[in-house]
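Peer 1: this is the structure alone, sequence omitted:
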Ligand code: UDP
Ligand code: MG
């Protein structure tokens, strides 16, 4: 029987420094999996070039020319990690029986792939890679990242704790994912919504092999806001609650002011000023949160394409010499 076809999807943005090493290690991994008969020889490593400004795409094209094991997808411009990953997965679902997504920087332990494939062969449709610890991340990265997961869950976007986008998905799960039409992508929140049988594989997270993080704090914050506002309306509820609370307080204040008035006291203007600022701030904040949702609706209504593919480098399955 022919083995299952695995596509490893790797989004790349300005990764010329790590790409050769990543390609080498992933190539070895895939070959050993093909050798052991766990996966078929049509399996590929699919690099998605997310509009890199450096030589990333040239390197991918070079790899593909040398070895049909490597495939490439070139996006028309930079669309961000989530969209690039989605583009790769959507392509993979046409060719592969299963796909594994991972970052280009070798932070995710590629040895976890074996266990993921085993779980797939046991019948799982989705296998989440979960970090054991974050010892290798800087304190700041670890602190902000863990706060991120807690914040997400607090605001009602259910995610798998310490799971990034290192995961295996079967073709059936990918077809499910394709039916989610939203433009604002937050894959970690979406994938659990697909359902099917799923499992977890634990791994150690390493330091970035080379180059620097493409997720500075600013991007991470906007990622968190995106995640929360895409999956829950809890912030809006909290505003409603806050409004109710402030209104209740204002009734008490009214009583207090009336009493003070009849007592003939001259009220200090500082208290007025304080409440003025507090209320102004709260209102602006509330309008901002509501605006965040309206902005989302605006983007969704336009339903712009999430990505455009400029070029595909992938051998047709029948171009492979022999079947295992
Ligand atoms: N990435 C991408 N497009 C972007 C930013 C990042 O495709 O606009 C890719 C990047 O090449 C890497 C992955 O997304 O493979 C995760 O990025 P990074 O390692 O910089 O994030 P971190 O691990 O620091 O959170
Ligand atoms: Mg990284």
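Peer 2: That came through, no problem. Worth saying up front: this structure is predicted, and the values here are computed from it rather than measured. Ligands and ions are numbered 1, 2, ... in the order given.
Peer 1: residue 111: how many residues sit nearby?
Peer 2: 11 (other C-beta atoms under 10 Å). Glycine gets a C-beta too; all of them are placed from N, C-alpha and C.
Peer 1: and the one 10 residues further on, by the same measure?
Peer 2: The number of residues packed around residue 121, counting by other C-beta under 10 Å, is 13.
Peer 1: kindly report the same for the one 10 residues further on.
Peer 2: Applying other C-beta under 10 Å, we find 21 residues neighbouring residue 131.
Peer 1: cool, residue 304 as well?
Peer 2: Neighbours of residue 304 under the rule other C-beta under 10 Å: 8.
Peer 1: what residues does it make contact with?
Peer 2: Counting by C-beta atoms under 8 Å, 6 or more residues apart in numbering, residue 304 touches residue 183.
Peer 1: do residue 81 as well
Peer 2: Shown in contact with residue 81 (C-beta under 8 Å, 6+ apart): 11, 13, 50, 165, 214, 215.
Peer 1: try 7 Å
Peer 2: residue 11 (C-beta atoms under 7 Å, 6 or more residues apart in numbering).
Peer 1: quick check: the gap between it and residue 177.
Peer 2: 16 Å (C-beta to C-beta, to the nearest Å).
Peer 1: which stretches in the protein count as helices?
Peer 2: For the chain, applying DSSP state H gives helices covering 19-35, 56-66, 81-95, 112-121, 139-154, 171-178, 187-194, 217-231, 234-263, 269-302.
Peer 1: got CSV for those, with distance to ligand 1 too?
Peer 2: CSV is the format used below for the helices of the chain (distance: least, C-beta to the nearest ligand atom, whole Å):
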stretch, distance to ligand 1
helix 19-35, 9
helix 56-66, 8
helix 81-95, 4
helix 112-121, 16
helix 139-154, 7
helix 171-178, 18
helix 187-194, 12
helix 217-231, 7
helix 234-263, 24
helix 269-302, 18
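Peer 1: deepest-packed of the ones you listed, please.
Peer 2: helix 81-95 (a mean of 22; mean count of other C-beta atoms under 10 Å).
Peer 1: that helix near ligand 2 at all?
Peer 2: No - Helix 81-95 lies out of reach of ligand 2 by C-beta under 5 Å from the ion, never closer than 9.5 Å.
Peer 1: figure out how far that helix is from the centre of its chain.
Peer 2: 13 Å (C-alpha atoms, centre = their mean, to the nearest Å).
Peer 1: any idea of the mean pLDDT for that helix?
Peer 2: Average pLDDT, helix 81-95: 95.
Peer 1: kindly report the same for stretch 278-292.
Peer 2: Rounded mean pLDDT across stretch 278-292 is 82.
Peer 1: same question for stretch 32-51.
Peer 2: Mean predicted lDDT for stretch 32-51 stands at 92.
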